[in-house]
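Student: Pasting the sequence and the predicted model now:
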Amino acid sequence: MPVLENLERICVLRLSAIGDICHALPVVRTLQDAYPSANITWIIGKLEATLIGDIPGIEFIIFDKRGGWREHARVGALLKGRNFDVLLHMQVALRASLLSLRVSAKTRVGFDRARAKDFQWLFSNRKIPAQSRQHVIDGLFGFARAIGIEQRIISWDIPLSDADLAFADSTCGATPTLV
């Protein structure tokens, strides 16, 4: 699979769920490391954005799945006139695939046909290599490999606001706490 070079505009489409967003974050951190000057846009679910939407260096476009077709149109209006070098379509739900049609990208990377549910393979022009029995994070790193990135930045450095830290301090104090 040919390597994609000089990527300037990268779009990641992974709406949900919180656990999968946490697995996708190291892939996005790897993209930031490999392409430090690239603009990265992440289309993400509303709830999931409350967890990681403050990460610097990433433009988050929030999609509220309860908004139905109006939400598709709203996100489409935000993306209108924008062209991406690559779309990493990391979600197999039909809702996400239909939303991917709003993203203009030369290269559209999706899952291999064996793992692509809801006809996701029809919405991409490049597939990650087929793998069986692998952890979710390994599968998502297939998207980085598909554009020529072999290294992995395993980092879940989610910024915490001063309000978050104050809440934790007032709730737990100096007592060791496992959540």
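Tutor: Happy to help now that I have it. Numbers count the residues shown, from 1 in each chain.

Student: Report the distance from the worst-scoring helix or strand of the chain on mean pLDDT to the chain centre.
Tutor: Scoring the helices and strands of the chain by mean pLDDT, DSSP states H and E places helix 162-172 at the bottom, with a mean of 87. Helix 162-172 sits 28 Å away from the centroid of its parent chain (CA atoms, centre = their mean, to the nearest Å).

Student: which strands and helices sit next to it?
Tutor: In terms of contacts (3 or more CB pairs under 8 Å, 6 or more residues apart in numbering; DSSP states H and E), helix 162-172 is packed against no helix or strand at all. The C-beta positions use only the backbone N, C-alpha and C, and glycine is treated the same way.

Student: Tell me which other helices or strands the helix ranked longest in the chain touches.
Tutor: In the chain, ranked by residue count with DSSP state H as the criterion, the top helix is helix 18-34. With contacts defined as 3+ CB pairs under 8 Å, 6+ apart, helix 18-34 has these neighbours: strand 9-13, strand 39-45, helix 46-52, helix 136-146.

Student: returning to that earlier point: contacting residues around the least confident helix or strand of the chain?
Tutor: The contact list for helix 162-172 (CB atoms under 8 Å, 6 or more residues apart in numbering) reads Leu160, Thr177.

Student: before we move on, the earlier item: and the longest helix of the chain, C-alpha only, in PDB?
Tutor: The C-alpha trace of helix 18-34 is given here as PDB (Å, rounded to 0.1, in the frame of the first residue of the first chain):
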ATOM      1  CA  ILE A  18     -16.100   6.500  25.000                       C
ATOM      2  CA  GLY A  19     -14.000   3.300  25.200                       C
ATOM      3  CA  ASP A  20     -13.300   3.400  21.500                       C
ATOM      4  CA  ILE A  21     -12.600   7.100  21.600                       C
ATOM      5  CA  CYS A  22     -10.000   6.400  24.200                       C
ATOM      6  CA  HIS A  23      -8.500   3.700  21.900                       C
ATOM      7  CA  ALA A  24      -8.500   6.100  19.000                       C
ATOM      8  CA  LEU A  25      -6.700   8.900  20.900                       C
ATOM      9  CA  PRO A  26      -3.200   7.300  20.700                       C
ATOM     10  CA  VAL A  27      -3.700   7.000  16.900                       C
ATOM     11  CA  VAL A  28      -4.500  10.700  16.700                       C
ATOM     12  CA  ARG A  29      -1.500  11.500  18.900                       C
ATOM     13  CA  THR A  30       0.600   9.400  16.500                       C
ATOM     14  CA  LEU A  31      -0.800  11.400  13.600                       C
ATOM     15  CA  GLN A  32       0.200  14.600  15.400                       C
ATOM     16  CA  ASP A  33       3.700  13.400  15.900                       C
ATOM     17  CA  ALA A  34       4.100  12.100  12.300                       C
END
